[in-house]
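1. Let's see this in three dimensions:
(chains A and B)
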Amino acid sequence: MPSFVIPDKCDGCKALDKTACQYICPNDLMVLNKETEKAFNQDPQMCWECYSCVKICPTQAVEVRGYQDFVPMGASVTALRSSEDIMWTVQFRDKEIRPKRFKFPIRRGVEEGKAQPFDHYPTGDDDIKSTTLMTEPEGINTEKGPVKFDKLPTL
Amino acid sequence: MGGAVHVFKPRSTGEGFGRSWYPPFNSGASTFFTLDAGAEMTCQEVRFIPVRFKDAYGPVGAWFLLFKSIATNAYGGNYMQDNAAELDKWEPYGKVKPRPANIRNWLMMLDVMDGKSPIYMQTADAIQAIVDTAADEKDAKKKLKELEAEAWEDFLDMTISQAILWAATNTEPDKKPSEIMACDPYFIGSHSGASGAWVSGPEDVQTDETMDEYFWGYANMTTVSGLFAAGDASGASSHKFSSGSFTEGRIVGKSALAFILDNNTLPNVDQSVIDERIAEILKPLDMYEEHKDATTDPAINPNYIRPTQHIYRLQKIMDEYAGGVSAQFQTNDKLMERGLELLAFLKEDSENLAADSLHELMRSWESIHRMYQAESHVRSMLFREETRWPGYYFRNDKPTMDNDNWLAFCNCKYDRNTGEWEMIKRPVKYITQ
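-> The predicted model follows:
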């Protein structure tokens, strides 16, 4: 059902105009039930299991259970996101297999709001009709030499 | 959103419907809007079908490239080696290294059609081979731990569902192999897909030969004046990926500003046209309100069609007639002609789409967008009388590649007023050799 909401943990994000999961869902799936003041996934068949709602939920009320039309029951993958890292816990169906725990850094190059669009480079020729883009040619880092490809990307 | 998923029936039919490789929120909107505006489209016959870990669609790139894993059929045969003779038929591109994605699909599918499924990524062998290079036992343990973390991270970063599937099937990649399989067909403007609008190239890379054909004033402008496209919305640039799409966006931004400065007058649209468009957009809500009480269950009502059934019908047509999963990506001219007849009924029935909420209104329009992507796809496959990309689709009535006649772009245009399609063949002209 992909994402589901634990009622005891969900507080409906009362302080916000809309719930955090509603705000983050890229497919308009998470909505607030106005009567119960709890969120739910209104169209689980269109859920990509992207975990955006799981990661953003301030009360850890959202979890994911595998699509039951091909995933056997009993396993879980839970995410706990902090400002720097993400902690994953993988529980197997077979409880004899030790759960796996991983901690990975969040893949964010620059802190939110701190990106410098032009860096230290000059803007370029400032000609709207030219075919060069902003900061070119300096900004394409050619002073560092050509990029080396030891293998071509494949799909 | 650009790109289109769920035009074809996915492999899963229940909850797993949403587990597409490309996100299900890519509904073909850019194709619809450019087509509807009368812009010429290109490469609409090109679809992308990635090979992924079966069902949850976890990425295979790290396994093939980083861990140097091989994939085999159920009996241990290496299909890339065993079926290599097939490459001769698709020269010259069939022998390019690394092998093009559709060719890798095709060599795998030959084994599938030959009854040698399941196909496995030999994860345990690959990990063992790396661990074997360790200096001592301690180093081996450390290596194994690192590899295990990398393998899981690959999924946890990109396709968490695959991690759930591994856990639910008690799969530890260092202990047993995992099934891989071709996904369902998707439409994207890169990553080996190529469908999208036919846009003007940039001026600075044109040659005397290409100038007339590939350049018309503003980089990335479609054939409709003032309508620009980038990323999934622009076609014939299969290898731009995300960084290329980002750069294309920058190019379009600059080019569109130049257009605005040259044409600095607000377009004058009559209010009646706007009102008509608003009524058209909201029609599914009105349709529902008008008829919902005619039956005791609003889901079953002879007056209208709800978006869920609409998309199911679209997917069934595409799956069976246009070379989807259950047709093993094969079709022919007669199947496609029949498919177009069925699509025409669906198009007529779209007038009766009914939505009970804003969410369903969005789904209604998404399904219409997908339907136009579908029709342009079938018409373009039918127009290209050859098979050029086995592994993506195979025309059984034209089973070979015909470079004499079809080393060309297949373009199309749609006229929203008459409903007519125009198919156009454009030459391939090389900027570099």
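
2. who's in contact with stretch B:356-367?
-> Stretch B:356-367 has contacts (C-beta atoms under 8 Å, 6 or more residues apart in numbering or on different chains) with A:28, A:31, A:42-43, B:27-29, B:281-282, B:284-285, B:288, B:292, B:298, B:306-308, B:310-311, B:314, B:350, B:353-355. In short, each C-beta sits where N, CA and C put it, glycine included.

3. From those residues, list just the buried residues.
-> A:31, A:43, B:27-29, B:284-285, B:288, B:306-308, B:310-311, B:314, B:350, B:353-355 (16 or more other C-beta atoms under 10 Å in any protein chain shown).

4. picking up where we left off before, mind listing which of the contacts of stretch B:356-367 are in strands?
-> Using DSSP state E to define strands, the subset of the contacts of stretch B:356-367 located there is A:Val31.

5. Start and end of stretch A:132-141, how far apart?
-> 14 Å (C-alpha to C-alpha, to the nearest Å).

6. Now do the contacts for A:Lys9.
-> Applying C-beta under 8 Å, 6+ apart, the residues near A:Lys9 are A:59-61.

7. Return the member of those residues nearest to chain B.
-> The shortest approach to chain B among these belongs to A:Gln60, at 15.8 Å (C-beta to the nearest C-beta).

8. Distance of the closest one relative to A:Ser82?
-> 12 Å (C-beta to C-beta, to the nearest Å).

9. ok, is stretch A:52-68 in contact with chain B or not?
-> Yes - using C-beta under 8 Å from any C-beta of the partner chain, stretch A:52-68 comes into contact with chain B via A:64, A:66-68.

10. mind listing what B:Trp152 touches?
-> A:88, A:90, A:100, A:102, B:163.

11. Buried ones in whichever strand or helix holds it, by neighbour count?
-> Secondary structure assignment for B:Trp152, by DSSP states H and E: helix B:137-158. Neighbour counts over helix B:137-158 (16+ other C-beta under 10 Å) mark B:140, B:143-144, B:147-148, B:151-156, B:158 as buried.

12. And for stretch B:198-217?
-> For stretch B:198-217, burial by neighbour count (16+ other C-beta under 10 Å) applies to B:198-201, B:203, B:206, B:214-215.

13. now, which of those lie close to chain A?
-> The residues of the buried residues of stretch B:198-217 that also fall near chain A, by C-beta under 8 Å from any C-beta, are B:Glu203.

14. And the buried residues of stretch B:198-217, which two are furthest apart?
-> B:Trp198 and B:Glu203 (16.7 Å; C-beta to C-beta).

15. returning to what we had before: of A:Gln60 and A:Ser82, which one has the most company?
-> When A:Gln60 and A:Ser82 are compared on other C-beta atoms under 10 Å in any protein chain shown, the one with more neighbours turns out to be A:Gln60, at 15 against 9.

16. Surely the more buried one touches A:Leu80?
-> Yes - contact criterion C-beta atoms under 8 Å: A:Gln60 and A:Leu80 qualify, at 7.2 Å.

17. ok, B:Lys176 - contacts?
-> By C-beta under 8 Å, 6+ apart, the neighbours of B:Lys176 are B:123-124.

18. and it, how far is that from chain A?
-> 12 Å (C-beta to the nearest C-beta, to the nearest Å).

19. So for stretch A:70-85, what gets flagged as buried?
-> A:70-71, A:75-77, A:79, A:81.

20. what's in contact with stretch A:35-47?
-> A:1-5, A:7, A:10-14, A:19, A:21-22, A:27-33, A:61-62, B:14-15, B:17-18, B:24-25, B:359, B:363.

21. 7 Å instead, please
-> A:1-5, A:7, A:10, A:12, A:19, A:21-22, A:27, A:29-33, B:15, B:17-18, B:24, B:359 (C-beta atoms under 7 Å, 6 or more residues apart in numbering or on different chains).

22. what distance separates the start and the end of it?
-> Note: stretch A:35-47 ends 24 Å apart using C-alpha to C-alpha.

23. same check, this time on stretch B:205-219
-> 11 Å.

24. what do you get for stretch B:422-433?
-> The first-to-last residue distance of stretch B:422-433 comes to 31 Å (C-alpha to C-alpha).

25. ok, and does that stretch reach over to chain A?
-> No - with C-beta under 7 Å from any C-beta of the partner chain as the criterion, chain A is not reached by stretch B:422-433; the gap is at least 13.9 Å.

26. can you tell me the average pLDDT over that stretch?
-> Here stretch B:422-433 scores 92 as its mean pLDDT.

27. now stretch B:28-39
-> 97.

28. So the chain: which segments form each domain?
-> By default, I'm working from chain A. A:1-54, A:65-109 (automatic domain parsing).

29. Actually, chain B is the one I wanted.
-> B:51-182, B:267-427.

30. what are the ranges of the strands in chain A?
-> Going by DSSP E, chain A shows strands at A:3-5, A:30-33, A:38-41, A:62-64, A:76-81, A:85-91, A:100-105.

31. Of all the ones you listed, which one comes closest to B:Asp333?
-> strand A:38-41 (42.6 Å).

32. now the closest one, how far from the chain's geometric center?
-> 19 Å (C-alpha atoms, centre = their mean, to the nearest Å).

33. Quick check: can you name the pairing partners of it and their directions?
-> strand A:30-33 (antiparallel) (DSSP bridges).

34. can you list contacts of the strand it pairs with?
-> Against strand A:30-33 from outside (C-beta under 7 Å, 6+ apart): A:12, A:19, A:21-22, A:39-42, A:53.

35. Narrow those residues to those that are buried.
-> A:12, A:19, A:21-22, A:39-41, A:53.

36. which one of those sits closest to B:Lys334?
-> A:Asn41 (42.1 Å).

37. Restricted to helices, list the buried ones among the contacts of stretch B:356-367.
-> Of the positions in the buried ones among the contacts of stretch B:356-367, B:29, B:284-285, B:288, B:307-308, B:310-311, B:314 sit in helices, assigned by DSSP state H.

38. with the residues you listed in mind, which one is nearest to chain A?
-> Closest approach to chain A among those (C-beta to the nearest C-beta): B:Thr308, at 8.3 Å.

39. what's the burial count for residue 56?
-> Picked chain A for this. A:Ile56: 17 neighbours (other C-beta under 10 Å).

40. Chain B was what I was after
-> B:Ala56: 26 neighbours (other C-beta under 10 Å).

41. where does residue 111 land on pLDDT?
-> Assuming you mean chain A. For A:Glu111, the model assigns a pLDDT of 76.

42. think we crossed wires, I meant chain B
-> For B:Asp111, pLDDT reads 98.

43. before we move on, what about A:Lys151?
-> 49.

44. Over to A:Pro105?
-> For A:Pro105, the predicted pLDDT is 86.

45. what's near enough to touch it?
-> Per C-beta under 7 Å, 6+ apart, neighbours of A:Pro105: A:84-85.

46. and if you look at A:Glu63?
-> Contacts of A:Glu63 by C-beta under 7 Å, 6+ apart are A:4, A:6, A:54, A:78.

47. measure it to A:Phe4 for me?
-> Taking C-beta to C-beta, one finds A:Glu63 at 6 Å from A:Phe4.

48. Please apply the same query to B:Gly3.
-> Distance from B:Gly3 to A:Phe4, by C-beta to C-beta: 28 Å.
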